[in-house]
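Asks: Next one to model:
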Amino acid sequence: MISTGKGKITELKLYREQPATNEPMRRRSKRGGAALMVSILFVAYMIFSLGSQFKKLHDMQNSMELLQNQVQELKTRNAALREEIKLIKSDSYVEQVAREQLGLVKPGETLVVQVQSPQPADAKTSSRSTGEKQQGEGFNIKYKNIYD
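Replies: As a prediction, this is how the structure comes out:
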């Protein structure tokens, strides 16, 4: 106790630390440790989730680029096919196919067929099997019965 000199006595209280028992401090550290552990797990989960989402995003961007390339190639091919269709529908192409593949001629035209020249005698004998005669060879057949 301290006297201030005017008749009042005041008591000086010293700051005391927590009691020497460790039990309350343990409870606080367990709670703090659990909260810290939950926080660490939450942060780890968030990092893992964000990492997997970034990987998915990267994969999707790669596949999008591939699909855009395929679309561009298909557009180019489609344009080429449209040009080919225009060519095929033209009268000049139809006439060319009719002349070359079907052997058709316009009215008043004469079709000329080129005949291959006969092979030399030694080539004929080498191409024949023994005792067999090829039909239509060198126009030597004068008459052929259609029922034979």
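Asks: which residues of the protein fall in helices?
Replies: Assigned by DSSP state H, the helices in the chain fall at 23-89, 91-100, 121-127.
Asks: Please convert the ones you listed to JSON lines, extending it with mean neighbour count, distance to residue 109 and mean pLDDT.
Replies: The C-beta positions use only the backbone N, C-alpha and C, and glycine is treated the same way. Output for the helices of the chain, formatted as JSON lines (neighbours: other C-beta atoms under 10 Å; distance: least, C-beta to C-beta, whole Å; pLDDT from 0 to 100):
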{"stretch": "helix 23-89", "mean neighbour count": "10", "distance to residue 109": "23", "mean pLDDT": "89"}
{"stretch": "helix 91-100", "mean neighbour count": "11", "distance to residue 109": "9", "mean pLDDT": "86"}
{"stretch": "helix 121-127", "mean neighbour count": "10", "distance to residue 109": "35", "mean pLDDT": "56"}
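Asks: of those helices, which approaches residue 106 most closely?
Replies: Residue 106 sits nearest to helix 91-100 of all these, at 8.5 Å, using C-beta to C-beta.
Asks: Kindly export the closest one (C-alpha atoms) in PDB.
Replies: Extracted C-alpha coordinates of helix 91-100, given in PDB (Å, rounded to 0.1, in the frame of the first residue of the first chain):
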ATOM      1  CA  ASP A  91     -21.400 -27.500-121.400                       C
ATOM      2  CA  SER A  92     -17.800 -27.700-122.600                       C
ATOM      3  CA  TYR A  93     -16.900 -30.300-119.900                       C
ATOM      4  CA  VAL A  94     -20.000 -32.400-120.700                       C
ATOM      5  CA  GLU A  95     -19.100 -32.300-124.400                       C
ATOM      6  CA  GLN A  96     -15.500 -33.300-123.600                       C
ATOM      7  CA  VAL A  97     -16.600 -36.300-121.500                       C
ATOM      8  CA  ALA A  98     -19.100 -37.400-124.100                       C
ATOM      9  CA  ARG A  99     -16.400 -37.300-126.800                       C
ATOM     10  CA  GLU A 100     -13.600 -39.000-124.800                       C
END
